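*Asks:* Sequence and predicted structure are below.
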Amino acid sequence: FARVISVADAFDSMTSTRSYRDARPIDQAVAELRRCAGSHFDPAIVDAFLRALDAKGWEPPKPVTLPEDDTVETTQQDHDDPSVPLRVAGGEGTRW
């Protein structure tokens, strides 16, 4: 199960925009999975994942729309302290 999750998570990570970098194009993520098959990833799982990707396609998640104000409380909980709601801080010039 962990081998399946590692391939899917790596692909999702590479094709998702992060606060520190833009998403990679799908073809670059596929090339990275192929390059790392046999060392970082189980080659049979990579092959199965790529067959599923060819059959079903992939629609990357839409970018997050930030709230207009600087700080917003959310209903999600902080994983370090579940009694405290997460707070999102931002403002002009903040890159998410």
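*Replies:* Thanks, I have the structure now.
*Asks:* Below-threshold pLDDT in the chain: ranges please.
*Replies:* By pLDDT under 70, the weakly predicted segments of the chain are 63-96.
*Asks:* For it, just list every one of the strands.
*Replies:* 71-77, 85-89 (DSSP state E).
*Asks:* Return the distance of Asp27 relative to Ala37.
*Replies:* According to Cβ to Cβ, to the nearest Å, Asp27 and Ala37 sit 16 Å apart. C-beta coordinates here come from the backbone N, C-alpha and C atoms, glycine included.
*Asks:* Looking at those two now, which is surrounded by more residues?
*Replies:* A count of neighbours by other Cβ atoms under 10 Å puts Ala37 above the other of Asp27 and Ala37, at 18 against 8.
*Asks:* and the closest residue in space to Asp42 that isn't next to it in sequence, how many neighbours does it have?
*Replies:* The shortest distance from Asp42 to any non-neighbouring residue, by Cβ to Cβ, 6 or more residues apart in numbering, is to Arg3 (4.3 Å). For Arg3, the count of nearby residues is 12 (other Cβ under 10 Å).
*Asks:* Check the one 10 residues further on too.
*Replies:* Look at Ser13: counted by other Cβ under 10 Å, it has 12 neighbours.
*Asks:* Ok, Asp12 next?
*Replies:* Neighbours of Asp12 (other Cβ under 10 Å): 14.
*Asks:* Who are the contact partners of it?
*Replies:* By Cβ atoms under 8 Å, 6 or more residues apart in numbering, no residues touch Asp12.
*Asks:* Same question for Lys56.
*Replies:* Shown in contact with Lys56 (Cβ under 8 Å, 6+ apart): no residues.
*Asks:* distance of it from Glu32?
*Replies:* Following Cβ to Cβ, the distance that separates Lys56 from Glu32 is 20 Å.
*Asks:* Show me the helices in this structure, by range?
*Replies:* For the chain, the helices defined by DSSP state H cover 2-14, 26-36, 43-56.
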